[in-house]
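[1] this is a predicted model, with the sequence first.
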Amino acid sequence: MHATTPPLSKLELYFRLVRLDKPIGTVLLLWPTLAALWLACAGVPDWKLLLIFSLGTFLMRSAGCAVNDYADQDFDKHVKRTAERPITSGRVSGKEALLIAAGLALAAFLLIQPLNALVKQLSVAALVIAATYPYFKRFFAIPQAYLGIAFGFGMPMAFAAVQNTVPPVAWLLLLGNVFWAVAYDTEYAMVDRDDDLKIGIKTSAITFGRFDVAAIMFCYGVHLAILLVVGRQFGLGLPFLLGMAVAAGCAIYHYFLIRGRERAPCFAAFRHNNYLGAAVFAGIALDYALR
């Protein structure tokens with residue numbers, strides 16, 4: 001007799017709904033947010049701000065996953081990788097998912113109550129962007145660019161929390177994050193390209209077509225170039241440049257993973273962006289720490 005896998009409890013299903021079993025999305029939000037926080041406060045962040053932005057990143061990413069699965073439930077059933085997600089498989093209802101998303105978003109909003117009015121205003125924009133992202137895949141040729149705004153909106157919020165204003169450099173950082181998100185999420189979209197073509201979802205992997213690898217490397221290049229410009233504006237030195245060199249090495253490594261356009265290596269490249277983001281943040285933090 002073959003052993004059968006016991007059914008998942010509701011709590012386990014909720015954990016999967018908000019991707020607690022897959023933290024890569026959280027860290028892809030967290031690294032740029034922390035980098036912006038360190039730049040905004042010249043390397044000495046208030047521990048309360050650090051806690052608020054770290055927890056807020058986790059809560060908003062989790063809420064976004066629940067909304068995404070609610071929006072995509074009719075598409076996910078046609079994609080092998082997503083067919084067994086809690087909503088698509090019928091084990092969690094759409095109503096449950098929306099209630100969980102609302103609860104997480106409310107918790108994130110309560111978390112920022114000690115902060116200034118500008119942060120709260122930006123948080124409303126962040127919520128709208130996160131909630132509408134899943135629907136951009138219906139009509140926008142490169143929805144990954146919109147994802148980059150959603151994943152990078154903690155950057156202007158970090159500056160607002162520290163300085164009570166959002167300087168131009170914060171928006172430049174957000175622009176850089178858009179290019180990074182297009183790079184790593186195109187790698188992710190390459191995994192599902194065949195399924196997405198069948199069901200009519202728009203992704204950058206489909207839009208770029210045979211130029212997908214070149215487009216990814218171009219986006220990495222623009223992202224790193226913008227970071228170098230920002231680093232120069234803040235007077236960052238050798239430790240920052242070493243971090244950037246490691247990040248560039250990660251991007252080059254990704255080229256060798258994705259050039260064959262095979263599913264497993266493309267997914268590995270996507271996940272490896274954790275190290276690219278960590279390298280950038282480590283370079284910034286170390287630069288300030290050694291002053």
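    The structure has been received and is ready for your questions.

[2] ok, which stretches of the stretch 151-291 of the chain are strands?
    Applying DSSP state E, counting those that start in this stretch to the stretch 151-291 of the chain gives no strands.

[3] quick one: the helices in it, in order.
    154-163, 168-191, 193-199, 204-208, 212-233, 238-258, 263-289 (DSSP state H, counting those that start in this stretch).

[4] dump the C-alpha coordinates for the helix or strand bottoming out on mean pLDDT in the chain into CSV.
    Taking mean pLDDT, DSSP states H and E as the measure, the chain has helix 193-199 as its least confident helix or strand, at a mean of 77. What follows is helix 193-199, C-alpha atoms only, in CSV (Å, rounded to 0.1, in the frame of the first residue of the first chain):
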residue,chain,number,x,y,z
ARG,A,193,5.6,31.2,-20.8
ASP,A,194,4.0,28.2,-22.6
ASP,A,195,1.1,28.2,-20.2
ASP,A,196,0.6,31.9,-20.3
LEU,A,197,0.5,31.9,-24.1
LYS,A,198,-2.3,29.4,-24.0
ILE,A,199,-4.5,31.3,-21.6
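
[5] any buried residues in that helix, and which?
    Of all the residues in helix 193-199, those buried under the rule 16 or more other Cβ atoms under 10 Å are 193, 195-196. Placement of C-beta: from N, CA and C, glycine included.

[6] tell me the one among those nearest to Ser123.
    Nearest to Ser123 among the buried residues of helix 193-199 is Asp196, at 31.3 Å by Cβ to Cβ.

[7] residues contacting the closest residue to the closest one other than its chain neighbours?
    Computed as Cβ to Cβ, 6 or more residues apart in numbering, the closest residue to Asp196 that is not its neighbour in sequence is Thr203, at 5.4 Å. By Cβ atoms under 8 Å, 6 or more residues apart in numbering, Thr203 lies in contact with 137, 143-144, 186, 189, 192-193, 196.

[8] again, but for Val169
    39, 159, 230, 233-234.

[9] against which helices or strands is the lengthiest helix in the chain packed?
    Scanning the chain for the helix with the most residues, using DSSP state H, yields helix 47-76. In terms of contacts (3 or more Cβ pairs under 8 Å, 6 or more residues apart in numbering; DSSP states H and E), helix 47-76 is packed against helix 10-17, helix 24-40, helix 94-111, helix 117-136, helix 154-163.

[10] so can I have JSON lines of those helices showing mean pLDDT and distance to Ser62?
    As requested, the helices and strands packed on helix 47-76 are exported to JSON lines (pLDDT from 0 to 100; distance: least, Cβ to Cβ, whole Å):
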{"stretch": "helix 10-17", "mean pLDDT": "88", "distance to Ser62": "9"}
{"stretch": "helix 24-40", "mean pLDDT": "96", "distance to Ser62": "8"}
{"stretch": "helix 94-111", "mean pLDDT": "93", "distance to Ser62": "5"}
{"stretch": "helix 117-136", "mean pLDDT": "91", "distance to Ser62": "11"}
{"stretch": "helix 154-163", "mean pLDDT": "97", "distance to Ser62": "14"}
